[in-house]
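after the sequence you'll find the predicted model.
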Amino acid sequence: MTGMMLYFALGLMVLTVLSNRYWRRQLVLTRVAMSKLKEKVEDVTREVADIASDYAQLAQHQAEMEKRVQKAEVDLQAAIVELDQKKSAAMERYFVFDRNEPRPGRFWEIAVRFHSSGVSLSDQRGYRGWMGIRRFLLVADNDREARERVAARYPRKAGFEILEVAGCRLNGLTVNRISELSTFRKPGKPEEDATVGRPQRRASPAQS
């Protein structure tokens, strides 16, 4: 009887050891599975965070684009109104002061008025006036140089009066200090030789 009890106890102990090893192995596998699952959850969490960040950026970009579109629509309407106003407005004429000589500098707009009252015929000799105000376009380094050049061609004693010297209001008029890129191109040698001795042409009108 005692021997059977010993065999039974030994068998129970072996069974307990095997069971313990089995459950320990299951616990290790469970821990490994939980670790992998945790890594997957972390990866999914990071992906969700990245997707949320991308969505926030896209939403912000969309809001900015909508603002730009609204601003563009407002600017378009304003441009259409301005275009209609310019179409209905009277045409403004400009006279080009420099035609053949390339000058570096800035475009200037000079308003000149002619009045013959109080001017002698001798002072008016060689000058042809006009009615109202003419606006001349010329290139100069500063407003003083622009005023002096216009005053030299249209002096006060002949009945001309400079009313305003300001930067040109016409868009797109620029002069580059590099002659090859200048708005006014420098003529070649044959043209320079051909133009020697010719009288200077009068200012020609330009319409805008």
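Right, received. Where do you want to start?

residue boundaries of the helices in this structure?
2-88, 121-124, 143-153, 189-195 (DSSP state H).

redo these as JSON lines? Include mean neighbour count.
The way it works is simple: take the backbone N, C-alpha and C, and place the C-beta from them, glycine included. Output for the helices of the chain, formatted as JSON lines (neighbours: other CB atoms under 10 Å):
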{"stretch": "helix 2-88", "mean neighbour count": "10"}
{"stretch": "helix 121-124", "mean neighbour count": "12"}
{"stretch": "helix 143-153", "mean neighbour count": "16"}
{"stretch": "helix 189-195", "mean neighbour count": "10"}
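
closest to Leu170 out of these?
Among the helices of the chain, the nearest to Leu170 by CB to CB is helix 2-88 (12.5 Å).

turn the helices of the chain into a markdown table, columns for mean pLDDT and distance to Pro104.
Shown next, in a markdown table, are the helices of the chain (pLDDT from 0 to 100; distance: least, CB to CB, whole Å):
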| stretch | mean pLDDT | distance to Pro104 |
| --- | --- | --- |
| helix 2-88 | 89 | 31 |
| helix 121-124 | 61 | 34 |
| helix 143-153 | 90 | 12 |
| helix 189-195 | 42 | 18 |
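
in TSV: these, plus distance to Glu164.
Listed next are those as TSV, based on distance: least, CB to CB, whole Å:
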stretch	distance to Glu164
helix 2-88	21
helix 121-124	23
helix 143-153	10
helix 189-195	32
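
out of those, the one nearest Ala111 is which?
Closest to Ala111 of the helices of the chain is helix 143-153 (CB to CB; 9.7 Å).

what's that closest one in contact with?
Identification of contacts with helix 143-153 by CB atoms under 8 Å, 6 or more residues apart in numbering yields Phe97, Gly105, Trp108, Ile110, Val112, Phe136, Leu138, Ala140, Ile162, Val165, Ala166.

most neighbours of all these, which one?
In terms of neighbours by other CB atoms under 10 Å, the contacts of helix 143-153 top out with Ile110 at 25 neighbours.

okay, that one: pLDDT?
Looking at Ile110, its pLDDT stands at 90.

what does Gln207 give?
Looking at Gln207, the pLDDT reads 47.

and this protein, what are its domains?
1-89, 93-207 (automatic domain parsing).

that older thread, so which of the helices of the chain is nearest Gly132?
From these, taking CB to CB, the stretch that ends up closest is helix 143-153, at 16.5 Å.
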